[in-house]
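Engineer: Predicted coordinates and the sequence they were generated for:
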Amino acid sequence: MDEWACTEEGVSPLLIFADDREAGAGVIEALERIPNVEICVRRLRLGDYEVDGRLLFERKTIRDLSISIIDGRLFSQMKRMVHAPERAVLVLEGKASDVMHSGVSREAIQGALISISVIFGTPVLRSTTPEETAKLLIFAARQMRSQRSGGTLRHGYRPKGMRKRRSFILQGLPGIGPKRAVQLLEVFGSIEAVMRASAKDLSRVSGISVATAQKIRAIVGDRPENPT
């Protein structure tokens, strides 16, 4: 079995918001084939893929990168992304041979990637195909979850105790880690009350931003509300 596609029993699905302009590029279709992943396609203000409420990916083919270098959009785009609440990541998709047909010198591309990674502090990941890009998104998100939990992912993990189980369930919501899950239970008293809470009420909880509150409303089945 493909290790990338393994369903992690007991681990909440990864929620991915994909920019609608990525439709037809092959990545969304590849993500839809991976178990335990939920895809929501819509217009994003920044980036191409917002993953698990923690990572913001910009996907560029080598041709895309070359065009953005020529027209000057690249660095302004990266500057906006590094100020996003999610961790920004650039995925450069394509083969080394694509540089020959990009219209930009290899040195210019290398210089741009150095600036992105060193000056802007944005990691640059490489992939050769849309399918590999999809796998990178999933693997990076799972690594982030592992890091936040203080260890490796535990397959088949089931927390003991009702309160821990409730907290574990709430951590499946976008932007909600162990600390915020406890805060939600303290404020609302139950999972059901959290799910019924409006975006306005959710955003009143310490550490939960307006954007996070709207994402929670979106994932539980309602339209994002304006909490203001």
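Structural biologist: Alright, I've got the coordinates.
Engineer: Strands of the chain, start to end?
Structural biologist: 14-19, 37-42, 49-51, 55-61, 87-93, 124-127 (DSSP state E).
Engineer: Would you reformat those as JSON lines and include mean neighbour count, mean pLDDT and distance to residue 181?
Structural biologist: Heads up, the C-betas are built off the backbone N, CA and C, glycines and all. As requested, the strands of the chain are arranged in JSON lines below (neighbours: other CB atoms under 10 Å; pLDDT from 0 to 100; distance: least, CB to CB, whole Å):
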{"stretch": "strand 14-19", "mean neighbour count": "23", "mean pLDDT": "93", "distance to residue 181": "16"}
{"stretch": "strand 37-42", "mean neighbour count": "14", "mean pLDDT": "92", "distance to residue 181": "19"}
{"stretch": "strand 49-51", "mean neighbour count": "25", "mean pLDDT": "95", "distance to residue 181": "19"}
{"stretch": "strand 55-61", "mean neighbour count": "22", "mean pLDDT": "94", "distance to residue 181": "19"}
{"stretch": "strand 87-93", "mean neighbour count": "22", "mean pLDDT": "93", "distance to residue 181": "20"}
{"stretch": "strand 124-127", "mean neighbour count": "16", "mean pLDDT": "91", "distance to residue 181": "29"}
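Engineer: ok, residue 185 - contacts?
Structural biologist: Shown in contact with residue 185 (CB atoms under 8 Å, 6 or more residues apart in numbering): 163, 166, 167, 170, 191, 194.
Engineer: Tell me if I'm right that the fourth one and residue 195 touch.
Structural biologist: No. Proximity of residue 170 to residue 195 does not meet the contact threshold set by CB atoms under 8 Å, at 9.3 Å.
Engineer: quick one, which of these two is more surrounded?
Structural biologist: Using other CB atoms under 10 Å, the more surrounded residue of residue 170 and residue 195 is residue 170, with 23 against 16.
Engineer: Can I get the strands of the chain in TSV including distance to residue 99?
Structural biologist: Compiled in TSV, the strands of the chain are given as follows (distance: least, CB to CB, whole Å):
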stretch	distance to residue 99
strand 14-19	25
strand 37-42	30
strand 49-51	24
strand 55-61	11
strand 87-93	11
strand 124-127	12
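Engineer: Nearest to residue 80, out of these?
Structural biologist: strand 87-93 (9.0 Å; CB to CB).
Engineer: and the angle from that closest one to strand 55-61?
Structural biologist: Computed by axes from the mean of the first three to the mean of the last three CA atoms, to 10 degrees, the angle separating strand 87-93 from strand 55-61 equals 20 degrees.
Engineer: Report pLDDT for the residue nearest to residue 116 when sequence neighbours are not counted.
Structural biologist: Closest residue in space to residue 116, ignoring its immediate chain neighbours: residue 122 at 5.1 Å, by CB to CB, 6 or more residues apart in numbering. At residue 122, the predicted lDDT confidence score is 89.
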